[in-house]
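Q: Any chance you can model this:
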Amino acid sequence: MEDIEGLNEAEFEVLLKNIEELRAFMSNPNNVPLLLPDQLKKAKQALDKSK
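A: The predicted structure follows:
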């Protein structure tokens with residue numbers, strides 16, 4: 001996945017639904033600061049549930 005400048009809510013919801021893309025997104029330290037605190041929390045919860 002290429003670096004992006006930020007995610008809108010719709011793009012974030014798509015990421016949450018595709019756990020492999022979410023895992024790839026979160027593994028890139030340059031992407032994590034792009035998330036709002038609420039988005040980061042949801043992303044971590046989704047990854048935890050997928051284990």
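
Q: and the next element down the chain from the helix or strand bottoming out on mean pLDDT in the chain?
A: Sorting the helices and strands of the chain by mean pLDDT, DSSP states H and E puts helix 9-17 at the bottom, at a mean of 85. Scanning forward in sequence from helix 9-17 by DSSP states H and E, the next helix or strand is helix 19-27.

Q: Centre of the chain to the following helix or strand past that following helix, how far?
A: Toward the C-terminus, helix 19-27 is succeeded by helix 37-49 as the next helix or strand (DSSP H and E). Here the centre of helix 37-49 is set off from its chain's centre by 8 Å, with C-alpha atoms, centre = their mean, to the nearest Å.

Q: Excluding chain neighbours, what is closest to Ile19?
A: Ser50 (4.7 Å; C-beta to C-beta, 6 or more residues apart in numbering). Yep, even glycine has a C-beta here, placed from its N, CA and C like the rest.

Q: Angles on the backbone of that neighbour, please.
A: Main-chain dihedrals, Ser50, degrees, to the nearest 10: phi -80, psi -10.

Q: That concludes my questions; thank you for your assistance.
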